[in-house]
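**Q** What follows is a protein structure lacking sequence information:
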(Lines give C-alpha, C1' and ligand atoms only; values in the text may rest on other atoms or scores of the structure.)
Protein backbone atom coordinates (compact mmCIF):
# COMPACT_ATOMS: atom_id res chain seq x y z
CA UNK A 1 0.00 0.00 0.00
CA UNK A 2 1.33 3.44 -0.94
CA UNK A 3 1.33 6.16 1.72
CA UNK A 4 0.31 9.68 0.86
CA UNK A 5 2.39 12.62 1.94
CA UNK A 6 0.51 15.30 3.78
CA UNK A 7 0.92 19.00 3.15
CA UNK A 8 2.80 19.38 6.45
CA UNK A 9 5.67 17.22 5.21
CA UNK A 10 6.41 19.71 2.42
CA UNK A 11 6.56 22.79 4.63
CA UNK A 12 10.00 23.88 5.78
CA UNK A 13 9.52 26.62 8.35
CA UNK A 14 12.94 26.18 9.93
CA UNK A 15 14.78 28.13 7.25
CA UNK A 16 15.42 31.70 8.41
CA UNK A 17 14.74 34.69 6.20
CA UNK A 18 17.43 37.02 4.93
CA UNK A 19 18.16 40.00 7.14
CA UNK A 20 18.95 43.33 5.57
CA UNK A 21 19.44 44.97 8.96
CA UNK A 22 19.98 43.46 12.41
CA UNK A 23 16.80 42.22 14.04
CA UNK A 24 15.98 44.42 17.04
CA UNK A 25 15.13 41.50 19.33
CA UNK A 26 18.26 39.60 18.34
CA UNK A 27 20.26 42.80 18.84
CA UNK A 28 19.35 42.79 22.53
CA UNK A 29 21.10 39.44 22.95
CA UNK A 30 23.97 40.53 20.71
CA UNK A 31 24.45 43.66 22.80
CA UNK A 32 24.91 41.60 26.00
CA UNK A 33 27.43 39.38 24.24
CA UNK A 34 29.26 42.36 22.69
CA UNK A 35 29.52 44.14 26.04
CA UNK A 36 31.38 41.16 27.50
CA UNK A 37 33.68 40.97 24.46
CA UNK A 38 34.05 44.70 23.76
CA UNK A 39 37.84 44.67 24.22
CA UNK A 40 38.26 41.86 21.72
CA UNK A 41 35.88 43.53 19.26
CA UNK A 42 37.70 46.87 19.54
CA UNK A 43 41.02 45.14 18.79
CA UNK A 44 39.43 43.56 15.74
CA UNK A 45 38.19 46.95 14.50
CA UNK A 46 40.84 49.44 15.63
CA UNK A 47 43.22 49.27 12.65
CA UNK A 48 40.54 49.70 9.99
CA UNK A 49 40.33 53.23 8.59
CA UNK A 50 38.15 52.56 5.53
CA UNK A 51 34.50 52.82 6.51
CA UNK A 52 33.31 50.15 4.07
CA UNK A 53 35.79 47.62 5.44
CA UNK A 54 34.83 48.68 8.98
CA UNK A 55 31.15 47.95 8.34
CA UNK A 56 31.94 44.61 6.69
CA UNK A 57 34.06 43.66 9.71
CA UNK A 58 31.17 44.60 12.02
CA UNK A 59 28.96 42.27 10.02
CA UNK A 60 31.56 39.55 10.64
CA UNK A 61 31.34 40.27 14.38
CA UNK A 62 27.56 39.76 14.17
CA UNK A 63 28.13 36.49 12.34
CA UNK A 64 30.57 35.30 15.04
CA UNK A 65 27.86 35.88 17.62
CA UNK A 66 25.13 34.34 15.49
CA UNK A 67 27.10 31.20 14.64
CA UNK A 68 27.94 30.62 18.30
CA UNK A 69 24.69 31.65 19.97
CA UNK A 70 21.78 32.16 17.57
CA UNK A 71 22.03 30.45 14.19
CA UNK A 72 18.56 31.67 13.23
CA UNK A 73 20.00 35.20 12.90
CA UNK A 74 22.97 34.18 10.74
CA UNK A 75 21.21 34.35 7.38
CA UNK A 76 22.56 37.60 5.90
CA UNK A 77 23.13 38.57 2.26
CA UNK A 78 26.75 38.03 1.25
CA UNK A 79 27.24 40.69 -1.42
CA UNK A 80 29.72 43.43 -0.46
CA UNK A 81 27.04 46.13 -0.65
CA UNK A 82 24.61 44.16 1.53
CA UNK A 83 27.37 43.39 4.06
CA UNK A 84 28.28 47.08 4.23
CA UNK A 85 24.65 48.13 4.69
CA UNK A 86 24.10 45.52 7.41
CA UNK A 87 27.29 46.61 9.19
CA UNK A 88 26.32 50.28 8.94
CA UNK A 89 22.93 49.57 10.51
CA UNK A 90 24.66 47.59 13.27
CA UNK A 91 27.15 50.42 13.81
CA UNK A 92 24.28 52.87 14.15
CA UNK A 93 22.63 50.65 16.77
CA UNK A 94 25.91 50.27 18.69
CA UNK A 95 26.45 54.03 18.58
CA UNK A 96 22.98 54.76 19.93
CA UNK A 97 23.72 52.44 22.87
CA UNK A 98 27.23 53.95 23.32
CA UNK A 99 28.67 50.45 23.38
CA UNK A 100 31.76 50.16 21.16
CA UNK A 101 31.35 53.29 19.04
CA UNK A 102 31.48 56.77 20.57
CA UNK A 103 28.06 58.34 20.90
CA UNK A 104 29.48 61.87 21.14
CA UNK A 105 31.30 61.65 17.79
CA UNK A 106 29.85 62.43 14.38
CA UNK A 107 31.51 59.42 12.76
CA UNK A 108 30.30 55.83 12.90
CA UNK A 109 33.85 54.47 12.89
CA UNK A 110 35.17 56.23 16.00
CA UNK A 111 35.76 53.55 18.62
CA UNK A 112 35.18 54.31 22.26
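**A** Yep, that arrived. None of the values given here were measured: they were computed from a predicted structure.
**Q** And the contacts of stretch 51-71?
**A** 16, 22, 26, 29-30, 33-34, 41, 44-45, 48, 73-74, 76, 80, 83-88, 90-91, 94, 108-109 (Cβ atoms under 8 Å, 6 or more residues apart in numbering). The C-beta positions use only the backbone N, C-alpha and C, and glycine is treated the same way.
**Q** low-confidence ranges in the chain?
**A** Applying pLDDT under 70 to the chain flags residues 1-16.
**Q** which helix of it spans the most residues?
**A** For the chain, the longest helix by residue count, based on DSSP state H, is helix 51-69.
**Q** And the helix or strand just after it, what does it pack against?
**A** Sequence-wise, the next helix or strand downstream of helix 51-69 (DSSP states H and E) is helix 80-96. Judged by 3 or more Cβ pairs under 8 Å, 6 or more residues apart in numbering; DSSP states H and E, the packing partners of helix 80-96 are helix 24-36, helix 51-69.
**Q** most tightly surrounded among these?
**A** Most buried of those, by mean neighbour count (mean count of other Cβ atoms under 10 Å): helix 51-69, with a mean of 18.
**Q** how big is the angle separating the longest helix of the chain from helix 80-96?
**A** Going by axes from the mean of the first three to the mean of the last three Cα atoms, to 10 degrees, helix 51-69 is angled at 80 degrees with respect to helix 80-96.
**Q** for helix 51-69, the distance to its chain's centre please.
**A** Its chain's average C-alpha position is 6 Å from that of helix 51-69, according to Cα atoms, centre = their mean, to the nearest Å.
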